[in-house]
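Trainee: give me a model of this one.
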Amino acid sequence: MDIKQVFDEYDSELRLVNDRLMELFESSVPLIPLVGKYLLDSGGKKLRPLFLLSSARISGYKGDEHLRLAAIVELIHMSSLLHDDVVDGAQIRRGKSAANSIWGNQIVILVGDFLYSNALKSAVSFKNQEIMESLSGATTAMTEGEILQLQKTADIDITEEEYLRIISAKTGELISASCRIGAILGARTNAEKKALAGFGLKAGAAFQMADDILDYMADENELGKKLGKDFEESKITLPLIYLFESADENERKEIKAVIDVFSESSLNKVLTLFKKYNVLDKSLQRAREMIEEAKAELSVFPDSKEKEYMFSLADYAVLREK
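Mentor: Numbers count the residues shown, from 1 in each chain. Model prediction:
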C-alpha cells in the first residue's frame, strides 16, 4: 500500500488533531501560541499521531478521545524538538529557521517546558492510569536517550547495541506509547497492547535509524537540515559504527582523528569510505530488518486493511530514501 493512501485515509482525522493542537497552544502569554503556530506551520508529517490513530482503529475504538491524545503525543514530540535544537545549536528545522534562532534559547526552552507540562496536564484529564503510565514512561525514556547520546558524543567505540538503546529511547518510546494508547482506548488484551507497543518501539527505532542514514544521503532541501549534520556534531550513528567495523587500522586512525574536528574535507573522506565499504546500503538493510521485526509483532492481529495501514507507516521509515 502506498503511504499516500494512508495519509489520504486519515486526512480528516489529522485535520481534527491539528485543531486540538491549536487548543493546546492556548495561553494568556501571547508568545506561546505564536511559537506553537510557527511550529505547526513548519510542517512535519504527524507520524506519531498517525501511529496512534491507526492503532486505535485496528483496536476497534469508536470514540473521539484518540484525537486529543494524538495531539498530546505530537505536543510532546514538538517540545522535544525545541529542546533538541537548543542542545544541538540548530539553525534549520524542516527547511526553515529553527525556533531558537528566532526567539533565542531561553524563550524556546521555556516554551518547550510549557508544551511538555501542558501535554501531561491535558492527559491527566482522561483519568486513565494506563495512559498516564505510557506517556510518562515515554517522556522519561526520551530524556534518558538524549542524555546517553550526549555522553556518547565522539565515542567511536560505541557499540551497535548501545546505539539501538539510544534511538529506541529517544524516538521509539513515544511511538510505542502512541500505539499502546490506541490499544488502551480499544480495551484490547494485554497481549495485544504489548504487540502494538512492540510494533511502535521497533518502527520508531527504524525511523530514527533511517533518519541517521539520510543525514549522509539526502539532499539538504529534502531533508530540511544540513547534510552531514550528525557528523559535524560528532554524533556516532549506525553508518559510522559500521564503517569503523569495516575499516582497516590506518583508516580507523584517520576516522578517530577527524571525528571531533569537523571540516568539509573530513566529511568527504568519511563519505568516500562509506562508498568503499558499502556502509549506507548495509545500514539501510539493518533498518529494513527492524521494520520486518516490527511487523512480526502484529501477528496477533488478523490481516485487515487497518493492519496494512500500520505496515505502510512502518515501511515509510526506509522508503523516505526515495
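
Trainee: any idea which helix or strand comes after the worst-scoring helix or strand of the chain on mean pLDDT?
Mentor: In the chain, no helix or strand scores lower on mean pLDDT, DSSP states H and E than helix 220-223, which sits at a mean of 55. Using DSSP states H and E, the helix or strand that directly follows helix 220-223 along the chain is helix 229-232.

Trainee: now that following helix - C-alpha only, PDB.
Mentor: C-alpha atoms of helix 229-232 as PDB (Å, rounded to 0.1, in the frame of the first residue of the first chain):
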ATOM      1  CA  LYS A 229      24.900  17.500  10.400                       C
ATOM      2  CA  ASP A 230      25.300  14.500  12.800                       C
ATOM      3  CA  PHE A 231      29.000  14.200  11.700                       C
ATOM      4  CA  GLU A 232      29.500  17.900  12.400                       C
END
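
Trainee: helices and strands around it, which ones?
Mentor: Contacts defined by 3 or more Cβ pairs under 8 Å, 6 or more residues apart in numbering; DSSP states H and E place helix 229-232 against helix 264-276. Yep, even glycine has a C-beta here, placed from its N, CA and C like the rest.

Trainee: which parts of the very next helix or strand once past the helix it packs on are buried?
Mentor: Counting by DSSP H and E, the next helix or strand C-terminal to helix 264-276 is helix 279-297. Across helix 279-297, burial judged by 16 or more other Cβ atoms under 10 Å covers 279-280, 282-284, 286-288, 290-291, 293-295, 297.

Trainee: ditto for stretch 133-146
Mentor: Buried positions in stretch 133-146, judged by neighbour count with 16+ other Cβ under 10 Å: 134-135, 138-139, 141-142, 145-146.

Trainee: residue with max distance from the center of this protein?
Mentor: Here the chain reaches farthest from its C-alpha mean at N250, the gap being 35.2 Å by Cα atoms, centre = their mean.

Trainee: so for that one, what's the pLDDT?
Mentor: N250 is assigned a pLDDT of 94 by the prediction.

Trainee: any idea which helix or strand carries it?
Mentor: In this assignment (DSSP H and E), N250 forms part of helix 249-258.

Trainee: for that helix, enumerate the helices and strands it packs against.
Mentor: Applying 3+ Cβ pairs under 8 Å, 6+ apart, one finds that helix 249-258 contacts helix 238-246, helix 264-276.

Trainee: and these, which is most packed in?
Mentor: Mean neighbour count, computed with mean count of other Cβ atoms under 10 Å, is highest for helix 238-246 among the helices and strands packed on helix 249-258, reaching a mean of 20.

Trainee: gap between I58 and K127?
Mentor: Noted for I58: a distance of 24 Å to K127, by Cβ to Cβ, to the nearest Å.

Trainee: sorry, slip of the keys, the one I care about is S176.
Mentor: 22 Å.

Trainee: for the protein, which segments count as strands?
Mentor: With strands called from DSSP state E, the chain shows them at 92-93, 96-97.

Trainee: list the neighbouring strands of the last one plus their orientation.
Mentor: Spelled out, that is strand 96-97. Next to strand 96-97 in the sheet, as set by DSSP bridges, lie strand 92-93 (antiparallel).

Trainee: flag every buried residue along stretch 77-94.
Mentor: Judged by neighbour count using 16+ other Cβ under 10 Å, the buried positions of stretch 77-94 are 77-88, 90, 92-93.

Trainee: next one: stretch 9-29
Mentor: Within stretch 9-29, the residues that count as buried by 16+ other Cβ under 10 Å are 9-10, 13-14, 16-18, 20-21, 24-25.

Trainee: state the mean pLDDT of that stretch.
Mentor: Stretch 9-29 comes out at a mean pLDDT of 95.

Trainee: what about that stretch, distance to the chain center?
Mentor: Here stretch 9-29 is found 20 Å from its chain centre; the criterion is Cα atoms, centre = their mean, to the nearest Å.

Trainee: try stretch 52-61
Mentor: Relative to the centre of its chain, stretch 52-61 is centred 20 Å away, using Cα atoms, centre = their mean.

Trainee: check stretch 78-88 too.
Mentor: Its chain's C-alpha centre and that of stretch 78-88 lie 12 Å apart, by Cα atoms, centre = their mean.

Trainee: repeat for stretch 177-196
Mentor: Counting by Cα atoms, centre = their mean, stretch 177-196 comes out at 20 Å from the chain centroid.

Trainee: Serialize the helices and strands packed on helix 249-258 to TSV and add fields for mean pLDDT and distance to L31.
Mentor: TSV is the format used below for the helices and strands packed on helix 249-258 (pLDDT from 0 to 100; distance: least, Cβ to Cβ, whole Å):
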stretch	mean pLDDT	distance to L31
helix 238-246	96	38
helix 264-276	92	37
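
Trainee: next, format those as CSV and append distance to I3.
Mentor: As requested, the helices and strands packed on helix 249-258 are exported to CSV (distance: least, Cβ to Cβ, whole Å):
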stretch, distance to I3
helix 238-246, 23
helix 264-276, 27
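
Trainee: no more questions from me, cheers.
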